[in-house]
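Q: Predicted model and sequence follow; I will ask about them next.
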Amino acid sequence: MMKYLLMKRVGLLTLLFWILSFFTSLLVTLNAQAARLAIVIDDVGYRVHEENKILQMPVAISIAILPNSPFGRKMAEKAHQQGREILIHLPMAPLSKQPLEKNTLLPAMSREEIDRIIQDTIQKVPHAVGMNNHMGSAMTSDFRGMEKVMQVLSRHHLYFLDSVTIGSTQVTKAAMGTSVPVIRRNVFLDNVQTEAETRHQFNRAIALARKQGSAIAIGHPHSTTVRALQQALAVLPDDIELVTPGMLLNFGPPNKNEQQIAHKCIKPQKPEPVPETQLDYLKKVGKALINNVIVDTLNQHIQKLLERLPKQGASNTLSNTAESQVIVNQKVNKKKLQQKEDETGAHQITDTCSNF
Ligand SMILES: [Zn+2]
């Protein structure tokens with residue numbers, strides 16, 4: 001009789017375990033659909049103190065380097081060592097009168113002149129995979145000017161991130177018919193340089209990423225931006241995945257950089273002690289899923305059963321369920337791997353219009 005009751009309990013336990021495994025897979029699947037947020041820090045190359053703090057942030061945060069800045073090359077090398085995505089922050093003519101960077105692109109420049117300047121910036125900002133505009137309200141709103149830029153860029157295998165410094169930007173239109181992938185900035189983090197406003201804009205970017213599936217935010221190496229980012233990133237919601245602009249385009253050298261980025265994006269965690277018994281293992285799985293209401297309820301049932309179960313019997317019978325969990329985990333890992341390959345495997349030229 002006792003044996004029958006024990007077997008019945010163990011059967012129920014196995015069933016509950018499989019339901020638990022199902023919800024584990026479901027949670028992993030839901031997490032795979034996390035909203036993707038790309039953050040780019042512009043104007044890099046002048047403020048080493050603040051920029052070094054940015055390089056201590058998650059490696060998915062990309063930097064856009066001014067080619068004629070004093071520390072641009074040094075920052076590019078440092079960022080590249082980390083596996084961080086680098087953009088050339090190309091100075092382009094603004095509408096307002098203000099001091100210009102050396103070699104600022106003007107709409108009236110010839111294609112040869114633009115080509116010469118872009119080649120020079122590629123030399124000065126090594127390892128860049130993309131480009132975005134510094135200022136540029138006059139240049140980016142000039143279709144003919146941007147057409148020349150896109151023709152040159154298509155030969156250099158660089159994507160273009162439109163900073164959208166003017167509503168009438170012609171970047172997308174000018175890239176049509178070329179092989180240059182284009183994406184657009186959604187949010188400026190620090191038009192108002194206060195921590196509160198930057199945090200507010202960061203939350204706006206998160207809301208947009210959830211709504212659209214992805215969003216791109218641009219900030220600058222201001223001390224207020226650095227502090228606001230440090231705070232916001234420390235409590236980044238679980239459904240938000242930090243990515244690079246290139247990852248949003250499936251763009252860049254196949255695999256290497258993105259694999260490194262994906263690896264380094266994982267928040268560092270203390271290694272957990274290996275469970276001593278299979279009972280510990282089961283308890284651990286339940287604990288890991290404690291935040292989910294349904295799974296939590298199931299977990300409580302399992303805990304109750306575990307308390308009632310004679311220790312020896314449970315230890316023997318649980319070997320099956322523990323092995324089953326390993327198989328489930330292997331399946332989940334395989335699924336993750338497949339997804340990673342989909343994200344990084346193809347060296348695609350994206351339809352320039354598909355993101356709008
Ligand atoms: Zn800029």
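A: Great, that's in hand.

Q: what are the phi and psi angles of Thr224?
A: Here is the backbone geometry of Thr224 (degrees, to the nearest 10): phi -60, psi -40.

Q: The ion contacts on the stretch 51-200 of the chain?
A: Counting by C-beta under 5 Å from the ion, the residues of the stretch 51-200 of the chain close to the ion are His134. C-beta: built from backbone N, CA, C; applies to glycine.

Q: does the residue in the chain positioned nearest to the ion count as helix, strand or coil?
A: Of all residues in the chain, His134 sits closest to the ion, at 3.5 Å by C-beta to the ion. State at His134, reduced to three classes by DSSP: H, G, I helix; E, B strand; the rest coil: strand.

Q: pretty sure it contacts Asn103?
A: No: if you go by C-beta atoms under 8 Å, His134 and Asn103 don't touch, sitting 11.0 Å apart.

Q: more crowded one of the two?
A: His134 (21 against 17; other C-beta atoms under 10 Å).

Q: and the end-to-end length of stretch 52-69?
A: This stretch, stretch 52-69, spans 15 Å end to end (C-alpha to C-alpha, to the nearest Å).

Q: the strands in the stretch 101-250 of the chain, which residues?
A: Ranges of strands within the stretch 101-250 of the chain are 130-135, 159-162, 182-184, 187-188, 214-219, 240-243, based on DSSP state E, counting those that start in this stretch.

Q: I'd like those written out as CSV, with mean pLDDT added.
A: Shown next, in CSV, are the strands of the stretch 101-250 of the chain (pLDDT from 0 to 100):
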stretch, mean pLDDT
strand 130-135, 97
strand 159-162, 96
strand 182-184, 96
strand 187-188, 98
strand 214-219, 98
strand 240-243, 98
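
Q: any chance of the ones you listed in a markdown table, with distance to Pro70 too?
A: Formatted as a markdown table, the strands of the stretch 101-250 of the chain follow (distance: least, C-beta to C-beta, whole Å):
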| stretch | distance to Pro70 |
| --- | --- |
| strand 130-135 | 16 |
| strand 159-162 | 24 |
| strand 182-184 | 29 |
| strand 187-188 | 25 |
| strand 214-219 | 21 |
| strand 240-243 | 29 |
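
Q: hmm, back to that, give the intersection of the neighbour lists for His134 and Asn103.
A: Common neighbours of His134 and Asn103, using C-beta atoms under 8 Å, 6 or more residues apart in numbering, are Pro91.

Q: hang on, the earlier thing: ok, the residue of the chain closest to the ion - contacts?
A: Asp42, Asp43, Ala64, Leu66, His89, Leu90, Pro91, Met92, Glu101, Ser163.

Q: Please name the nearest non-neighbouring residue to Tyr46.
A: Excluding the flanking residues, the one nearest Tyr46 by C-beta to C-beta, 6 or more residues apart in numbering is Ser69, at 5.2 Å.

Q: host element of the one you found?
A: Using DSSP states H and E, Ser69 maps to neither a helix nor a strand.

Q: what about it, how many neighbours?
A: Counted with other C-beta under 10 Å, Ser69 comes out at 20.

Q: What is the most widely separated pair among the contacts of His134?
A: Glu101 and Ser163 (14.3 Å; C-beta to C-beta).

Q: Give me the more crowded residue out of those two.
A: Higher neighbour count among Glu101 and Ser163: Ser163, with 26 against 17, using other C-beta under 10 Å.

Q: Pop out the phi and psi values for that one.
A: Per degrees, to the nearest 10, the backbone of Ser163 is at phi -70, psi -10.

Q: Contacts only, for Gly72.
A: With contacts defined as C-beta under 8 Å, 6+ apart, Gly72 is in contact with Val44, Gly45, Ile65, Leu66, Lys124, Val125.

Q: mind checking pLDDT for the fourth one?
A: Per-residue pLDDT puts Leu66 at 98.

Q: you'd agree it is up against Leu87?
A: No: assessed by C-beta under 8 Å, Leu66 is found out of contact with Leu87, at 10.6 Å.

Q: on that earlier part again, what's near enough to touch the residue nearest to Tyr46?
A: Val44, Gly45, Tyr46.

Q: Show residues contacting stretch 73-84.
A: By C-beta under 8 Å, 6+ apart, stretch 73-84 touches 44-45, 48, 51, 55, 59, 61-63, 65, 86, 124-128, 257, 260-261, 264.

Q: Make sure Ile206 is actually in contact with Ala35.
A: Yes: with contact defined as C-beta under 8 Å, Ile206 reaches Ala35; the gap is 7.4 Å.

Q: Can you work out which residues contact both of those two?
A: With C-beta under 8 Å, 6+ apart as the test, Ile206 and Ala35 both reach Ala215, Ile240.

Q: is stretch 219-226 up against the ion anywhere?
A: No: Stretch 219-226 does not reach the ion (C-beta under 5 Å from the ion); its nearest approach is 7.0 Å.

Q: can you give me the end-to-end distance of that stretch?
A: By C-alpha to C-alpha, the extent of stretch 219-226 from end to end equals 9 Å.

Q: which residue sits closest to Gly213, ignoring its sequence neighbours?
A: Ala35 is the one closest to Gly213 (C-beta to C-beta, 6+ apart), at 6.3 Å.

Q: That neighbour reaches Arg210, doesn't it?
A: Yes: counting by C-beta under 8 Å, Arg210 is a contact partner of Ala35 at 4.6 Å.
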